[in-house]
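A.B. asks: here you go, sequence then predicted model.
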2 protein chains.
Amino acid sequence: MTENRLTPYNSTYGKSELVIPELQLLLGDKLVLSQAVRDQHGGGEVTYHTNMAPDAVAFANSTDQVSEIVKICAKHAVPIVPFGAGSSLEGQVSAVAGGICIDLSEMNHVIQLNTDDLDVTVGAGLTRQELNVYLRESGLFFPIDPGAEATLAGMAATRASGTNAVRYGTMRDNVINMTVVMPDGEVIKTGGRAKKSSAGYDLARLMIGSEGTLGIITELTVKLYGIPEKILSAVCSFESIQKACEAVILTIQSGVPVARIELLDEVQVSACNNYSKLDLKVEPTLFLEFHGSENHCVEQVEFFKDIAAEFGSDNFKAAAKTEDRNLLWKARHDAYWAGCDLAPGMAHLSTDVCVPISNFADCVSETKQDIIDSGLIGPIVGHAGDGNFHVLVSFDESSDEDNEKVKRFLDRLAARALKYEGTCTGEHGIGLGKAKYMFAEHGAGVNYMFALKKALDPQNIMNPGKIFYG
Amino acid sequence: MTENRLTPYNSTYGKSELVIPELQLLLGDKLVLSQAVRDQHGGGEVTYHTNMAPDAVAFANSTDQVSEIVKICAKHAVPIVPFGAGSSLEGQVSAVAGGICIDLSEMNHVIQLNTDDLDVTVGAGLTRQELNVYLRESGLFFPIDPGAEATLAGMAATRASGTNAVRYGTMRDNVINMTVVMPDGEVIKTGGRAKKSSAGYDLARLMIGSEGTLGIITELTVKLYGIPEKILSAVCSFESIQKACEAVILTIQSGVPVARIELLDEVQVSACNNYSKLDLKVEPTLFLEFHGSENHCVEQVEFFKDIAAEFGSDNFKAAAKTEDRNLLWKARHDAYWAGCDLAPGMAHLSTDVCVPISNFADCVSETKQDIIDSGLIGPIVGHAGDGNFHVLVSFDESSDEDNEKVKRFLDRLAARALKYEGTCTGEHGIGLGKAKYMFAEHGAGVNYMFALKKALDPQNIMNPGKIFYG
């Protein structure tokens, strides 16, 4: 399959002026043209990509309204960028070709909770925190925790995961059904509410991770879990990344259903000691959480404690009460801010890669050496159970040299992850930032992805410029 | 998106004679034209669909060879049907438009076992049983168990699952990476070996469940699990399907990580008593299996025992030793043959649907009434934890009345599953048999699936006639 790889297949978009009057009729003052609001929607909270504002922001309140907006834009080939909370990190919401941003944050309602089925259907704009607040009385919770206060549809669109994924999986595993507005404005459901199905192509999984380039998720049904009877936390450090990783591998091989298993390298630990006024031993450190019955939790902790000792850790600590657990995990919770605090006043960039767990220690170690050799500041935090890690790179945005240094570091990091049979992103997605790595990772597979994109969105109006073009 | 829904977009296939000489040059005596071998490949073991033999069977032994075969067929627009073990149930391997069957059963080797990563890469034709025999020494196992001796690629192609899915998920959840020969003969990998990725569209999940209509899976990397330290089995019966289902729902809500939870209705239990010389109480009966550490298994069993008692079961029995467990589960293991034995000499058809677990009891109960009202014989076996159940319908194939009766029953069963927010198939797939339900289940979604199919396989040579046309 041959494609003109790096040229967008449509660069003759209609101007936004063509649709704004009709959108105003539809939405009234929910179509916002002010520069401030447009700027708020042009980049996202913490991305290092240049802010590119849409021409207008449409605050939608229903699937039907999103469908109408898309139909109007499709008629005039005006680009559309879906927007949830703006917490994506790779420029996923930048309006590179202008057009209309559809803000879904007002669709933040719970539509139907099914406690017997352990599922809930929600509007696109509900955040995971809002969902968990809603669920409190039910005894259920939604485990996927990417850190940010992200919307559930946004999390689905970027195939998000986070600290709990080692036990509960990623968004890929936890979405049962979705309502999607397709690029022509038609509304589909990707399935029913059954836990499994083998009826045709898996449109839900195709949409998950498509970053708004194939359609707009307006509602979704996600899996829930019973709040564990008991939660125990533990922390311990190791003399090397290698030892910490060996402990992780043995834990997972042994079938311990650990809920979180996070690695902080010694740079991050030191930063946390300073920032959060702690006195952790400055070594690679694992933060763990165990979920289950009282007995089963204790059994898991004891089992892991022995493994940690086997790999030379002598400072294993566990906690059960919420406040003690929070204290024990404080370093992990504050890791991002502690990392930023290492280089106050500078720009900060969070990137991620993911490799098979057997290659995790080598990939992290080489990356640490690369950070030193490059003269960069870059503490590392990893979802060690998944082989996924983050580097928080601080740099002077106004310095061409720094920008170039960071760019080369990111290129090497992605290449290293691929060398180790991994991926250039475990959970942040491609967006603008990693489009250039797609061919290195997927080879000819990109051409078929591109063919799918063209088939569903022949005008290339859905979040153009993302995933495919570097 | 509008499509001419029920008309294949290519009915001008090239004749197989155009490719046979070239395939003979490539494959020698591995291209087989004998009627017996062609007939063996025209239907599958236990399907009720008419046998439709391909024009030739190509026994491939490598991805490169599959690629060459596909390129030759693509050049002449000759249809291709991939074939693993022929254990599919909905006519997935019937050569409805003739053409070349590619038999992958000789690609049955283990390519790479990574014990640290809990994954293994295998050839398409390896069966799950062969894999588990290979893994015996490693302390690991592959849990997906659809019953039949299916190949792993075939299981991926139909998104298979089975008895263990309630704990370990389906093929959707357990494939990490695949090598796929695309409809133009190009070879792609769908990803690396990292446990998760958010790099672009999820081609693996698109291929899983596509039943050979989008490409041919030639290798795959699947997740493995540590063989549990302990396995306990249990059996108990309830006075009604409703009570049994309430016990299942409470068990799952409580977070008991039950590995298998199977329901046999009283018709099936009675059949098993006769066939397997047992004296089970003739009531809806649950068969369970628990995996974990010694203590955790015992805890799970005790927990479930209390739940069963709460819903009126008074005959809970558990077993730990392999031979005792096999004896306890004998009825479940022999269920298919016991079901056939209810109507010796007749044809037997196994069908499945899947609904949200809260609707399982109602859907099963209505189906049982329908079976009685229709004058059919149809014991029911369900993967109760997933809301998935099977009916084994026996009928006289030579009787038009019987055929019509069965057809109407199947139509009502699919409609009932959809009424209960479920799917017309939880694990058997669409094939030929359920294509007619696709629009009822997916509505406009089918048009987008069809657009994907056309984008990747513009000549419609990959397993034509499956999924889309009823």
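C.D. replies: On my side now, so go ahead.
A.B. asks: make it CA atoms for all contacts and neighbour counts henceforth
C.D. replies: Noted.
A.B. asks: list the contacts for the residue nearest to the spatial centre of chain A?
C.D. replies: Centroid check for chain A by Cα atoms, centre = their mean gives residue A:160 as the closest residue, at 3.5 Å. Contacts here follow Cα atoms under 8 Å, 6 or more residues apart in numbering or on different chains; on that basis residue A:160 touches A:144, A:146, A:170-171, A:209, A:427-429, B:198.
A.B. asks: and the longest helix along chain A, how far out from the chain middle?
C.D. replies: Secondary structure of chain A per DSSP state H: the longest helix is helix A:400-419. On the basis of Cα atoms, centre = their mean, to the nearest Å, helix A:400-419 sits 20 Å off its chain's mean C-alpha point.
A.B. asks: I'd like the next helix or strand past it.
C.D. replies: Helices and strands here follow DSSP states H and E; after helix A:400-419, the next one along the chain is helix A:438-442.
A.B. asks: just the CA trace of that next one, in CSV.
C.D. replies: Provided in CSV are the C-alpha atoms of helix A:438-442 (Å, rounded to 0.1, in the frame of the first residue of the first chain):
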residue,chain,number,x,y,z
MET,A,438,5.4,6.7,13.6
PHE,A,439,7.3,5.2,10.7
ALA,A,440,10.2,4.1,12.8
GLU,A,441,7.7,2.3,15.1
HIS,A,442,5.1,0.9,12.7
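A.B. asks: that helix - contacts with which helices or strands?
C.D. replies: When contacts are defined as 3 or more Cα pairs under 8 Å, 6 or more residues apart in numbering or on different chains; DSSP states H and E, helix A:438-442 packs onto helix A:445-456.
A.B. asks: apply 10 Å and report the result again.
C.D. replies: helix A:400-419, helix A:445-456, strand B:187-189 (3 or more Cα pairs under 10 Å, 6 or more residues apart in numbering or on different chains; DSSP states H and E).
A.B. asks: pLDDT of that helix, averaged?
C.D. replies: For helix A:438-442, the mean pLDDT works out to 96.
A.B. asks: all strands of the stretch 51-200 of chain A, in order?
C.D. replies: A:56-59, A:80-83, A:100-103, A:110-114, A:119-123, A:140-141, A:175-181, A:187-189 (DSSP state E, counting those that start in this stretch).
A.B. asks: so which of those strands is nearest residue B:88?
C.D. replies: With respect to residue B:88, and counting by Cα to Cα, the nearest of the strands of the stretch 51-200 of chain A is strand A:175-181 at 24.7 Å.
A.B. asks: got the angle for that closest one vs strand A:119-123?
C.D. replies: 20 degrees (axes from the mean of the first three to the mean of the last three Cα atoms, to 10 degrees).
A.B. asks: direction included, what does strand A:175-181 pair against?
C.D. replies: Strand pairing for strand A:175-181, determined by DSSP bridges: strand A:187-189 (antiparallel), strand A:216-223 (antiparallel).
A.B. asks: that one: how far from the chain's middle?
C.D. replies: The mean C-alpha position of strand A:175-181 is separated from the chain mean by 18 Å, Cα atoms, centre = their mean.
A.B. asks: repeat for stretch A:319-327
C.D. replies: With Cα atoms, centre = their mean, you get 26 Å for stretch A:319-327.
A.B. asks: do stretch A:32-52 as well
C.D. replies: With Cα atoms, centre = their mean, you get 19 Å for stretch A:32-52.
A.B. asks: output the below-cut-off pLDDT ranges for the stretch 301-450 of chain A.
C.D. replies: Applying pLDDT under 70 to the stretch 301-450 of chain A flags no residue at all.
A.B. asks: cutoff 90 now
C.D. replies: A:397 (pLDDT under 90).
A.B. asks: on that earlier part again, any idea which of the strands paired with strand A:175-181 is most buried?
C.D. replies: strand A:216-223 (a mean of 27; mean count of other Cα atoms under 10 Å in any protein chain shown).
A.B. asks: quick one, that strand and strand A:110-114 angle?
C.D. replies: Relative orientation of strand A:216-223 and strand A:110-114, computed by the same axes, to 10 degrees: 20 degrees.
A.B. asks: can you show me the CA trace of strand A:216-223 as PDB?
C.D. replies: Provided in PDB are the C-alpha atoms of strand A:216-223 (Å, rounded to 0.1, in the frame of the first residue of the first chain):
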ATOM      1  CA  ILE A 216     -15.700  12.500  18.400                       C
ATOM      2  CA  ILE A 217     -16.500  10.400  21.500                       C
ATOM      3  CA  THR A 218     -19.600  12.000  23.100                       C
ATOM      4  CA  GLU A 219     -20.600   9.300  25.600                       C
ATOM      5  CA  LEU A 220     -18.900   6.200  26.900                       C
ATOM      6  CA  THR A 221     -19.600   3.200  29.100                       C
ATOM      7  CA  VAL A 222     -16.700   2.100  31.300                       C
ATOM      8  CA  LYS A 223     -16.000  -0.700  33.600                       C
END
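A.B. asks: now it: mean pLDDT?
C.D. replies: According to the model, strand A:216-223 has a mean pLDDT of 98.
A.B. asks: what's around the residue lying closest to residue A:16 once chain neighbours are set aside, how many residues?
C.D. replies: Closest residue to residue A:16 apart from its sequence neighbours, by Cα to Cα, 6 or more residues apart in numbering or on different chains: residue A:99 at 5.4 Å. The tally of other residues near residue A:99 (other Cα atoms under 10 Å in any protein chain shown) stands at 28.
A.B. asks: surely residue A:32 meets residue A:59?
C.D. replies: Yes: using Cα atoms under 10 Å, residue A:32 is in contact with residue A:59, at 7.9 Å.
A.B. asks: and for these two, which residues touch both?
C.D. replies: residue A:101 (Cα atoms under 10 Å, 6 or more residues apart in numbering or on different chains).
A.B. asks: the strands paired with strand A:175-181 into CSV, with extra columns for distance to residue A:240?
C.D. replies: What follows is the strands paired with strand A:175-181, written out as CSV (distance: least, Cα to Cα, whole Å):
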stretch, distance to residue A:240
strand A:187-189, 49
strand A:216-223, 37
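A.B. asks: of those strands, which is nearest residue A:51?
C.D. replies: strand A:216-223 (21.5 Å).
A.B. asks: ramachandran coordinates for residue A:232?
C.D. replies: phi -120, psi 140 (degrees, to the nearest 10).
A.B. asks: next, work out how far apart residue A:115 and chain B are.
C.D. replies: Counting by Cα to the nearest Cα, to the nearest Å, the gap from residue A:115 to chain B is 8 Å.
A.B. asks: any low-confidence regions in the stretch 1-150 of chain A?
C.D. replies: The stretch 1-150 of chain A contains residues with pLDDT under 90 at A:1-12, A:43-51.
A.B. asks: helices of that one, residue ranges please.
C.D. replies: A:20-27, A:35-40, A:63-75, A:128-135 (DSSP state H, counting those that start in this stretch).
A.B. asks: just send those back as CSV, with distance to residue A:402 too.
C.D. replies: Putting these into CSV (distance: least, Cα to Cα, whole Å) gives the following:
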stretch, distance to residue A:402
helix A:20-27, 41
helix A:35-40, 26
helix A:63-75, 40
helix A:128-135, 36
